[in-house]
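Enquirer: sequence first, then the predicted structure, then my questions.
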Amino acid sequence: MATRRCWAALLAAWGILMCAGCGGLPQLVFARDQADAASRALSQRITDLEAALGTIPSDDPRRAELESMLAETRLWAAQAHRAVALADEVIAESETPTGPISSVVGAITPWIPEPARTPLVLGAALLTTLWRHRQVRSASDSIIASIDRVVQDDAAFANKFKEHAHAVRSIQTPLARRMVDRVQARRTRAAA
């Protein structure tokens, strides 16, 4: 499932970049700005929904509908925020190549005609960005697995960790919680 989502995101991003390549980097920047405006509008909507929830009693039947709308709006806002962040990384990488893929593409682009150059540069920037995200995810997984191993091997550490598990969980970001849950689910499946 996660692999399908990864490939779907990659294909969608590649399609966007190929369309943006037709108009060049300014079109990608324009699309990024539109996503940023949507993200800000969604953040305002979240604030409005939270304020409305604050005025409704907990036993009001409308509360469940508003809570559902708030949860859905938070998901859309998170997606818009991620789209802006990815676009920022791709734009930055295309303007100043830092990765090995972008550096190679940057070295050969002076000899490539303009209609093909922009999609090539943006595609290389996208691949470099996705490669870096994969490295961060792999590093995070290894940190989680190493803590999990210490919990299994050291009873005193395990007891202290369980004692403070709620505090640890409360300061984790939602992404960190999902990553920990994913690693633990993988370990549970492997043990079964």
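Expert: Structure received. Numbering: from 1, shown residues only.

Enquirer: now do the helices in this protein.
Expert: Using DSSP state H, the helices assigned to the chain run over residues 2-23, 25-55, 62-95, 100-108, 114-153, 155-163, 165-171, 174-191.

Enquirer: mind putting those helices into JSON lines with mean neighbour count?
Expert: To be clear about C-beta, it is placed using only N, CA and C from the backbone, and glycine gets the same treatment. JSON lines is the format used below for those (neighbours: other CB atoms under 10 Å):
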{"stretch": "helix 2-23", "mean neighbour count": "13"}
{"stretch": "helix 25-55", "mean neighbour count": "14"}
{"stretch": "helix 62-95", "mean neighbour count": "16"}
{"stretch": "helix 100-108", "mean neighbour count": "15"}
{"stretch": "helix 114-153", "mean neighbour count": "16"}
{"stretch": "helix 155-163", "mean neighbour count": "11"}
{"stretch": "helix 165-171", "mean neighbour count": "9"}
{"stretch": "helix 174-191", "mean neighbour count": "12"}
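
Enquirer: does Asp141 really touch Met179, like I thought?
Expert: Yes - contact criterion CB atoms under 8 Å: Asp141 and Met179 qualify, at 7.0 Å.

Enquirer: distance of the most centrally placed residue in the chain relative to Met179?
Expert: In the chain, the residue lying closest to the centroid (CA atoms, centre = their mean) is Arg82, at 4.9 Å. Arg82 is 15 Å from Met179, where distance means CB to CB, to the nearest Å.

Enquirer: returning to what we had before: tabulate the helices of the chain (TSV), appending mean pLDDT.
Expert: Shown next, in TSV, are those (pLDDT from 0 to 100):
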stretch	mean pLDDT
helix 2-23	51
helix 25-55	86
helix 62-95	82
helix 100-108	64
helix 114-153	79
helix 155-163	84
helix 165-171	78
helix 174-191	76
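
Enquirer: am I right that Pro57 is in contact with Leu66?
Expert: No - the criterion here is CB under 8 Å, and Pro57 misses it with Leu66 at 11.8 Å.

Enquirer: other residues contacting stretch 180-192?
Expert: Ala2, Asp141, Ile144, Ala145, Asp148, Gln172 (CB atoms under 8 Å, 6 or more residues apart in numbering).

Enquirer: let's go with 10 Å and repeat that
Expert: Contacts to stretch 180-192, defined as CB atoms under 10 Å, 6 or more residues apart in numbering, come from residues 2, 137, 140-145, 147-149, 152, 168-169, 172.

Enquirer: again with stretch 41-51
Expert: With CB under 10 Å, 6+ apart as the criterion, stretch 41-51 contacts 66-67, 69-81.

Enquirer: do I have it right that Gln172 meets Ser140?
Expert: No - contact criterion CB atoms under 10 Å: Gln172 and Ser140 do not qualify, at 11.4 Å.

Enquirer: picking that back up, which among the contacts of stretch 41-51 gets closest to Ala156?
Expert: Set against Ala156, the nearest of those by CB to CB is Ala78 (38.0 Å).
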